[in-house]
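Peer 1: turn this into a model:
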Amino acid sequence: MHRLIKFDSLPSTNTYVAGKLAEGVAIESPTTVVAKEQPSGRGQKGNTWFTPPKCNITLTTYFRPHELHPEDQFSICELAALCSVYLLRDWVPEVGKLKLKWPNDIYYGDCKLGGILIEHSVTGPYIDHTLIGIGININEQIFPSDLPNPISLRMLTGETYCIDDLIAQYMTMFDNLSKLLNSHNGRDQLHQEYLMLLYRKNEVHRFVSEAVEFEGEIVDVLPGGLLCLRHSTGAVKEYAFKEISFVI
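Peer 2: Numbering: from 1, shown residues only. Alright, predicted model coming up:
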């Protein structure tokens, strides 16, 4: 059964769960830890996630996949991303604008609605457990000026949403979709659904890598998470996170 633990405030839900594991505390899988306020939230590669009190979804799900090899680890990112998008699709004005920006962002048009942080622990040939951190802007209306392109669900619709209800929906979606990780066909289904929602896939756009701007087209994401980009020359190259950035 999916367990829920709620706090009024935590510096970071990912850090809290990681700390409990380091102390040797046994945690059931899956367990989702939620904080109404997260003043020191963490994003990918040391980025921060701004979260004022009672405005947004800020959670970490502790999850132990069944015999999932490290080379298939991106399936978990796809799982988390799809849970996030499917949670929002009934509320946004235009579903077609709801996209997944590789590798870990939730976009509406060209604006960022949320982000995902995945941290794995590997034992032997398998992933022992994963911390899935998710932050989604729900009722936020004013963002720090240094954030480049944020948006919230409330800014899109003018409505205010119950965070607890949305988290309950997320947990149900997670329980249903996580079963797909247990088979090759299930993981392929996650991958195909992820690709269908991938921001700017099969479109020519500008990117930057090693301080050089160029045009390219996203064609795939590999099981390990590398982005496959077709350059204007026709060559297909693979990029890891932080090796390439989008021009938006």
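Peer 1: restricting to C-alpha, output stretch 179-199 in PDB.
Peer 2: Provided in PDB are the C-alpha atoms of stretch 179-199 (Å, rounded to 0.1, in the frame of the first residue of the first chain):
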ATOM      1  CA  LYS A 179       3.500  -1.800 -12.700                       C
ATOM      2  CA  LEU A 180       4.700  -1.200 -16.300                       C
ATOM      3  CA  LEU A 181       8.300  -1.200 -15.000                       C
ATOM      4  CA  ASN A 182       8.100  -5.000 -14.400                       C
ATOM      5  CA  SER A 183       8.300  -6.000 -18.100                       C
ATOM      6  CA  HIS A 184      10.100  -5.100 -21.200                       C
ATOM      7  CA  ASN A 185       6.700  -4.400 -23.000                       C
ATOM      8  CA  GLY A 186       5.600  -2.200 -20.100                       C
ATOM      9  CA  ARG A 187       8.800  -0.200 -20.100                       C
ATOM     10  CA  ASP A 188       8.500   0.200 -23.900                       C
ATOM     11  CA  GLN A 189       4.900   1.500 -23.400                       C
ATOM     12  CA  LEU A 190       6.300   4.100 -20.900                       C
ATOM     13  CA  HIS A 191       8.900   5.100 -23.400                       C
ATOM     14  CA  GLN A 192       6.600   5.500 -26.300                       C
ATOM     15  CA  GLU A 193       4.100   7.600 -24.200                       C
ATOM     16  CA  TYR A 194       7.100   9.700 -23.000                       C
ATOM     17  CA  LEU A 195       8.200  10.300 -26.600                       C
ATOM     18  CA  MET A 196       4.700  11.300 -27.700                       C
ATOM     19  CA  LEU A 197       4.800  14.100 -25.100                       C
ATOM     20  CA  LEU A 198       8.400  15.100 -25.600                       C
ATOM     21  CA  TYR A 199       8.900  18.900 -26.000                       C
END
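Peer 1: that stretch: which residues count as buried?
Peer 2: The neighbour-count check on stretch 179-199 (16 or more other CB atoms under 10 Å) flags 180-181, 186-187, 190-191, 193-195, 197-199 as buried. Bear in mind the C-beta positions are built from the backbone N, C-alpha and C, glycine included.
Peer 1: from these, which is closest to residue 148?
Peer 2: Closest approach to residue 148 among the buried residues of stretch 179-199 (CB to CB): residue 199, at 14.9 Å.
Peer 1: one step back: make JSON lines out of the buried residues of stretch 179-199 and add pLDDT.
Peer 2: Output for the buried residues of stretch 179-199, formatted as JSON lines (pLDDT from 0 to 100):
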{"residue": "180", "pLDDT": "97"}
{"residue": "181", "pLDDT": "97"}
{"residue": "186", "pLDDT": "97"}
{"residue": "187", "pLDDT": "96"}
{"residue": "190", "pLDDT": "97"}
{"residue": "191", "pLDDT": "96"}
{"residue": "193", "pLDDT": "97"}
{"residue": "194", "pLDDT": "97"}
{"residue": "195", "pLDDT": "96"}
{"residue": "197", "pLDDT": "97"}
{"residue": "198", "pLDDT": "97"}
{"residue": "199", "pLDDT": "97"}
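Peer 1: and the residue nearest the centre of the chain, helix, strand or coil?
Peer 2: Nearest residue to the geometric centre of the chain (CA atoms, centre = their mean): residue 116, 2.8 Å. Following DSSP: H, G, I helix; E, B strand; the rest coil, residue 116 is assigned to strand.
Peer 1: got a list of what it touches?
Peer 2: Residue 116 is in contact with 77, 80-81, 84, 104-106, 132-135, counting by CB atoms under 8 Å, 6 or more residues apart in numbering.
Peer 1: now those in a markdown table, with distance to residue 230, pLDDT and neighbour count?
Peer 2: What follows is the contacts of residue 116, written out as a markdown table (distance: CB to CB, whole Å; pLDDT from 0 to 100; neighbours: other CB atoms under 10 Å):
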| residue | distance to residue 230 | pLDDT | neighbour count |
| --- | --- | --- | --- |
| 77 | 22 | 96 | 22 |
| 80 | 27 | 97 | 26 |
| 81 | 22 | 97 | 28 |
| 84 | 27 | 97 | 25 |
| 104 | 22 | 89 | 22 |
| 105 | 21 | 95 | 20 |
| 106 | 25 | 97 | 25 |
| 132 | 30 | 97 | 25 |
| 133 | 31 | 96 | 27 |
| 134 | 30 | 96 | 28 |
| 135 | 31 | 94 | 25 |
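Peer 1: no more questions from me, cheers.
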